[in-house]
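Undergrad: Next one to model:
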Amino acid sequence: MVKQRIAPLCPHAQLRLSGVQGGSEKTDDGPKATQCLDYGHTRRPNRRCTHDLYRLSCAQYDAMRDRAQDRCEICGVLDRETPRGQLVIDHFEARGVFFVRGLLCDRCNSVMQRHDRSAPWGPRSLPFADKARAYHLNAFGEPGPDRLRRADEAIRNRRNWSEGRHA
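TA: Purely as a prediction, here's the structure:
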């Protein structure tokens, strides 16, 4: 297999990765060779960091990564053990309420869609309902009681797909 080189990251990611697998560049011939250890920071100089789309500064994103300890905040799977080799930035947005909750694997991000009533609960996701609620209440963005109350109200008023939400 051919070794691939990943483009340099933004300055914050370069500092974060210094001393990790050769600094800001990673070479590897494993299945996730094109994945970057610090996936929230951009690899392209002409692009914004991914976390910027969620209104997070580089320092806030790094603090969120530190809080998660490179694990999904619901199930605890390591970022490198997920199918994509990375976690996603999870957020809540509805009726003028927006806040970042944390970092999740794809499976638990899907669980949060059920919590938010964007999709119905199923037999495989229902066991995570209590963990999803606890995670929502412990959001990284520290939304405060008023915003959490408005988020809960928006969730209660949503009809999920099976109830004709988008009909």
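
Undergrad: Can you classify Ala129 as helix, strand or coil?
TA: With DSSP: H, G, I helix; E, B strand; the rest coil as the basis, Ala129 sits in helix.

Undergrad: Pull the contacting residues for it.
TA: 114-115, 121 (C-beta atoms under 8 Å, 6 or more residues apart in numbering). C-beta: built from backbone N, CA, C; applies to glycine.

Undergrad: Just give me the longest helix of this structure.
TA: Counting residues, the longest helix in the chain under DSSP state H turns out to be helix 144-157.

Undergrad: Does anything pack onto that one? Which helices or strands?
TA: In terms of contacts (3 or more C-beta pairs under 8 Å, 6 or more residues apart in numbering; DSSP states H and E), helix 144-157 is packed against strand 88-94, strand 97-104, helix 129-137.

Undergrad: the inter-axis angle of that helix versus strand 97-104?
TA: On the basis of axes from the mean of the first three to the mean of the last three C-alpha atoms, to 10 degrees, helix 144-157 is oriented at 90 degrees to strand 97-104.

Undergrad: Now for Val88: which residues touch it?
TA: 103-106, 109.

Undergrad: hmm, 10 Å instead?
TA: 39-40, 50, 72, 79, 82, 102-106, 108-109 (C-beta atoms under 10 Å, 6 or more residues apart in numbering).

Undergrad: Ser110 now?
TA: Here Ser110 is in contact with 104, 118-119, 122, 124-125, 128 (C-beta under 10 Å, 6+ apart).

Undergrad: As JSON lines, these with neighbour count would be great.
TA: As requested, the contacts of Ser110 are exported to JSON lines (neighbours: other C-beta atoms under 10 Å):
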{"residue": "Leu104", "neighbour count": "25"}
{"residue": "Ser118", "neighbour count": "15"}
{"residue": "Ala119", "neighbour count": "17"}
{"residue": "Gly122", "neighbour count": "10"}
{"residue": "Arg124", "neighbour count": "10"}
{"residue": "Ser125", "neighbour count": "19"}
{"residue": "Phe128", "neighbour count": "20"}
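
Undergrad: Now flag whichever of the residues you listed is closest to Asp146.
TA: Ser118 (22.5 Å; C-beta to C-beta).

Undergrad: Was I right to think that closest one contacts Val111?
TA: No. In this structure, Ser118 is not within contact of Val111 by C-beta atoms under 10 Å, at 11.0 Å.
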